[in-house]
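Enquirer: What follows is a protein structure lacking sequence information:
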């Protein structure tokens, strides 16, 4: 018998809620007819019978018993019909419309997927000819996509829950693993009987991890220096052919795996399942973090340690913050302590000092120590002698404490024997034992402290050797201008280095090397008067001395402008200020008188400033501007000059403004001095020969 020709049972479901639906052709009779017509259309020539049930209802009864919603009544007839489809051999459920049943059609799709499809029952909806069993139907595809999203979300939730349980058990989530470690294989995981995949050290890589952390923590080496040595030794980084760089070394230092730690669900750190296989104790991890904070050089617009050797070494003398390195628009770098931000408890007002001047002062300070070998030998002898005497005292005390502990153990044995013989009572023995435990605990604590100090003494001996070696290599390294290498030497030999701001915008540089006296240098503000004596040089500034130092080398005013990166005609303006401050018109005579000051402040002079990138060449004053300036220089008012030239006083003001802008000055008096220096204007009461030389170029 052909099973396909068997009569199929179709269940129909119709309902109506409102009179408006009845008037619109949606009465129960209308829906019955539509169900019959659709069943005939879908079954074609196959035999079937339709059993339609109706459920006159109200709006709000839109759910079913199988999908309960708290507080919402269900449709009893439809609920029973779904149970029938699941228990009897029903071929398809035919529904007239999904309107009013589920204002969101996904409800019908949920009924089909959960309660009908598992039992082979089809779902046909007359309105729109919607076939839930047809994957090509656009509506069905949309429903399936929606359910796929729900399934993805559910899988994501499962994965998140799995990762939380994994971290709580001390296992790192799968993914990128740190250098020096690997995940367990499936066989190792099954052998351990663990639900989670653990991590194991890779012996060859772990050896280099230990070396990197030891070099950084104990020897004080910089990250760039460690990178250079790793590349020199041709240490491989797993299967990569890329050389070691700073980011890889930072990853090694930052990874908590090496210290037996993993992140918990609150982003904190706790002991991991691999704690017994750790390469270092957790204390070393926090020591690495402390060192990083002390050496940190990054900040808003801060530069890297390749740009200056003192980054991470020099600190603010007032607030203790590490100084940052900033670069201005001209390319000049400055060591800066930014002003306190909101919420910071700092007393520093914020300041900045030229990096080149500070670097030269530090080089001079270290150079003085390097130039005194006898002083260094005395320091070495004194430090070794102090450490030697201290070590002798500690070793004697260590022997005494060992002897004391042995005596205490013997005393306890004697009292125990007396207790056994009945010489002392049990109550008295308890008192004696309590006193004995206290004395032994004190002796053990003191012995532990003595042994710790002896170990520190050994470390101090090694420090002396490193400091002296750094002093020996400092001059050669500084001449090679290798900022990372210089920084490493400074971290080895310098105990403290601070730059303390002063009230006059100057600063005090304090450098204290291990076992050596502190050296102090005053750094005046570039534009503040030096106040050296009562003579004509008392009003000169560091900027003036820098100009005179270049002049002493035989440079012309234009060459000095280019070397100092000054604005157009800025050199003539500087000459005018120097003559005004000293009262001497002969610039070469000023250079001769200031020669001792130039040598005194040589490390602070910004004479090697790179040329500024000028967008245009110097602009010469126009003839009209010179004509106006000559009349104004005769102490005439703008109104009088305007009347003489036949223009308004506002035009006179405009000419003078443009003239000052072209000369790069802010006052008319400075403009007159520059024009007089160039021989383009004669000041009242002075001859041109007395004003000064013209530009030698």
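Expert: Okay, I see it. Because the structure is predicted, anything quoted here is derived from the model rather than measured. Numbers count the residues shown, from 1 in each chain.
Enquirer: contacts, neighbours, all on C-alpha from now
Expert: Will do.
Enquirer: show me where pLDDT drops low in the stretch 501-650 of the chain?
Expert: 504, 515, 531-534, 606-619 (pLDDT under 70).
Enquirer: 50 instead?
Expert: 609-617 (pLDDT under 50).
Enquirer: ditto for the chain
Expert: In the chain (pLDDT under 50), the answer is 1, 100-103, 298-303, 609-617, 687-697.
Enquirer: any idea how it splits into domains?
Expert: Using automatic domain parsing, the domain parsing of the chain gives 3-133, 181-295, 311-523, 623-691.
Enquirer: Indicate which one of those is closest to residue 595.
Expert: Among these, the nearest to residue 595 by Cα to Cα is domain 311-523 (18.7 Å).
Enquirer: Report the separation between the two terminal residues of the closest one.
Expert: 18 Å (Cα to Cα, to the nearest Å).
Enquirer: for stretch 199-208, same thing?
Expert: Using Cα to Cα, the two ends of stretch 199-208 sit 18 Å apart.
Enquirer: Equivalent analysis for stretch 213-222, please.
Expert: 11 Å.
Enquirer: what about the helices in the stretch 1-150 of the chain?
Expert: Applying DSSP state H, counting those that start in this stretch to the stretch 1-150 of the chain gives helices spanning 19-23, 28-43, 76-87, 106-111, 138-168.
Enquirer: Nearest approach to residue 209 belongs to which of these?
Expert: helix 138-168 (23.6 Å).
Enquirer: Reformat the helices of the stretch 1-150 of the chain as JSON lines; add mean neighbour count.
Expert: Compiled in JSON lines, the helices of the stretch 1-150 of the chain are given as follows (neighbours: other Cα atoms under 10 Å):
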{"stretch": "helix 19-23", "mean neighbour count": "11"}
{"stretch": "helix 28-43", "mean neighbour count": "17"}
{"stretch": "helix 76-87", "mean neighbour count": "16"}
{"stretch": "helix 106-111", "mean neighbour count": "17"}
{"stretch": "helix 138-168", "mean neighbour count": "14"}
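Enquirer: helix/strand/coil for residue 353?
Expert: strand (DSSP: H, G, I helix; E, B strand; the rest coil).
Enquirer: doesn't residue 332 make contact with it?
Expert: No. Taking contacts as Cα atoms under 8 Å, residue 353 lies outside contact range of residue 332: 10.5 Å.
Enquirer: quick one: which of those two has more around it?
Expert: residue 353 (23 against 14; other Cα atoms under 10 Å).
Enquirer: Just give the closest residue to residue 350, not the sequence neighbours.
Expert: residue 339 (4.2 Å; Cα to Cα, 6 or more residues apart in numbering).
Enquirer: Next one: the one you found from residue 331, what distance?
Expert: Residue 339 sits 22 Å away from residue 331, going by Cα to Cα.
Enquirer: and what of residue 552?
Expert: 25 Å.
Enquirer: Between the two, which is the more surrounded one?
Expert: A side-by-side neighbour count of residue 552 and residue 331, using other Cα under 10 Å, places residue 552 first with 18 against 13.
Enquirer: Now stretch 578-590: buried residues?
Expert: Buried positions in stretch 578-590, judged by neighbour count with 16 or more other Cα atoms under 10 Å: 578-579, 581-582, 585, 587, 590.
Enquirer: Would you mind confirming that residue 418 makes contact with residue 428?
Expert: No. Assessed by Cα under 8 Å, residue 418 is found out of contact with residue 428, at 10.9 Å.
Enquirer: and residue 183, what does it touch?
Expert: Shown in contact with residue 183 (Cα atoms under 8 Å, 6 or more residues apart in numbering): 177, 197-200.
Enquirer: Please tabulate those residues in CSV, including the columns neighbour count.
Expert: Shown next, in CSV, are these (neighbours: other Cα under 10 Å):
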residue, neighbour count
177, 14
197, 19
198, 22
199, 22
200, 16
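Enquirer: Can you name the two of the residues you listed that sit furthest apart?
Expert: The largest separation in the contacts of residue 183, counting by Cα to Cα, is between 177 and 197 at 12.1 Å.
Enquirer: about what we covered before: mark which of the contacts of residue 183 are part of strands, please.
Expert: Counting by DSSP state E, the part of the contacts of residue 183 found in strands is 199-200.
Enquirer: just the contacts of residue 183 now: which is nearest residue 413?
Expert: Nearest to residue 413 among these is residue 200, at 47.9 Å by Cα to Cα.
Enquirer: so the closest one bridges to which residues?
Expert: For residue 200, the beta-bridge partners are residue 182 (DSSP bridges).
Enquirer: contacting residues for it?
Expert: So residue 200 contacts 181-184, 274, 277 (Cα under 8 Å, 6+ apart).
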